[in-house]
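Engineer: only geometry, no sequence info:
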């Protein structure tokens, strides 16, 4: 966020600079923010996040189940590819946004990669390679999730990354 | 909770999030931090409608929403300088980590960017930053939003071009 704007205008005379808006600060009067955002308040809020994580995982499982069904449909009904690809994008996005809350970083990464793959695939011209890639992504997500492997995936994560690089070099490169 | 925590009830927050579960979670987190005035918009379009009708102090929006995403909400907000809330601070929540997304959000006029999964501390820090260190608001032909230059300590060689001929308005 520190880089200079790419579209910085040439004519500075046309720049209007408004003074910082301090109305939020004014609303709080002289209150010390350390007394508002206390460690206790933050801990209570964090506790909510922890509780929600369980629910997020249930949602992740639901989205994963839907994803597998949609992919099966994609193989069986090529005519519905457009609709099914859109559904897979939504499923992958749901997995990406929800699994992240439980620390499944590599699952998130794979879901993101799958989402991009589905977005970039052409419904009318799905190739064998597209399907193999999708299948591989879904299988890898399932492997990680079922084994409850969080973070970067440890040894299984390394193996999955190596597999990706070996099987599909162009995709592996674009994702790193 | 501290005695002064209810002070945050003076700050009206609009939460734009189309995922029900995330909506509940973020609302709970905000309430635990001490916010009580939280309006929910389950879509980008609804967020725009609410922003047009009511005065809010802070917007927290998800990036990806079904009908109109968070970036479009920000662009719409910033596009009309006569609009009620065109300078309102916006915190954008997203799972997108690549720099191109960060730049897109910055150039749309976002104030703060939070990558999911986030912690309560990260959210509190961004909100504090908006309260304690509000940035100038810039209007040019190509951009309208918070000043994108966060580091103001060093002046580039040749001086600060914006010092010449700029108009400074009070908020």
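Structural biologist: It's in. This one's a predicted model, so the numbers in the text were calculated from it and none came from an experiment.

Engineer: Just the mean pLDDT for the helix or strand containing residue B:59, thanks.
Structural biologist: In this assignment (DSSP states H and E), residue B:59 forms part of strand B:58-62. Mean pLDDT, computed over strand B:58-62, is 95.

Engineer: Report whether that strand contacts chain A.
Structural biologist: Yes. Under the criterion of CB under 8 Å from any CB of the partner chain, chain A is reached by strand B:58-62 at residue B:58. Placement of C-beta: from N, CA and C, glycine included.

Engineer: Which residues are in contact with the spatially most central residue of chain B?
Structural biologist: Residue closest to the average C-alpha location in chain B (CA atoms, centre = their mean): residue B:90, at 0.9 Å. Contact partners of residue B:90, counting by CB atoms under 8 Å, 6 or more residues apart in numbering or on different chains, are B:58-61, B:73-74, B:77, B:109-112.

Engineer: so it bridges to which residues?
Structural biologist: residue B:59 (DSSP bridges).

Engineer: Can you give the contact residues for the helix or strand where residue A:88 lies?
Structural biologist: For residue A:88, the element it lies in under DSSP H and E is helix A:81-99. With contacts defined as CB under 8 Å, 6+ apart, helix A:81-99 is touched by A:56-57, A:59-60, A:63-64, A:66-67, A:70-71, A:73-74, A:77, A:107-108, A:111-112, A:114-115, A:118-119, A:121, A:123-124, A:126, A:134, A:141, A:145, B:19, B:21-22, B:64, B:95, B:116.

Engineer: Now that we have those residues, which of them are buried?
Structural biologist: A:56-57, A:59-60, A:63-64, A:66-67, A:70-71, A:73-74, A:107-108, A:111-112, A:114-115, A:118, A:121, A:123, A:126, A:134, A:141, A:145, B:19, B:21-22, B:64, B:95, B:116 (16 or more other CB atoms under 10 Å in any protein chain shown).

Engineer: Among those, which lie within helices?
Structural biologist: Counting by DSSP state H, the buried ones among the contacts of helix A:81-99 place A:56-57, A:59-60, A:63-64, A:66-67, A:70-71, A:73-74, A:107-108, A:111-112, A:114-115, A:118, A:134, A:141, A:145, B:21-22 in helices.

Engineer: Next, work out how far apart the most centrally placed residue in chain A and residue A:114 are.
Structural biologist: Centroid check for chain A by CA atoms, centre = their mean gives residue A:96 as the closest residue, at 3.4 Å. Distance of residue A:96 to residue A:114, computed by CB to CB, to the nearest Å: 9 Å.

Engineer: Isn't residue A:100 up against residue B:117?
Structural biologist: Yes. At 4.3 Å, residue A:100 counts as touching residue B:117 under the criterion of CB atoms under 8 Å.

Engineer: Could you count how many residues lie near residue B:124?
Structural biologist: Residue B:124 has 23 neighbouring residues, counting by other CB atoms under 10 Å in any protein chain shown.

Engineer: Could you do residue B:133 as well?
Structural biologist: So residue B:133, with other CB under 10 Å, has 10 neighbours.

Engineer: Return the residues in contact with residue 73.
Structural biologist: Just going to use chain A. A:80, A:84.

Engineer: Chain B was what I was after
Structural biologist: Residue B:73 makes contact with B:16, B:44, B:47-48, B:51, B:59, B:61, B:90, according to CB under 8 Å, 6+ apart.

Engineer: How about residue B:30?
Structural biologist: Per CB under 8 Å, 6+ apart, neighbours of residue B:30: A:45, B:13, B:15, B:38, B:60, B:123.

Engineer: what pLDDT does the last one get?
Structural biologist: As predicted, residue B:123 sits at a pLDDT of 96.

Engineer: Equivalent analysis for the third one, please.
Structural biologist: Residue B:15 carries a pLDDT score of 97 in this model.

Engineer: tell me the SS of it?
Structural biologist: Counting by DSSP: H, G, I helix; E, B strand; the rest coil, the backbone at residue B:15 sits in strand.
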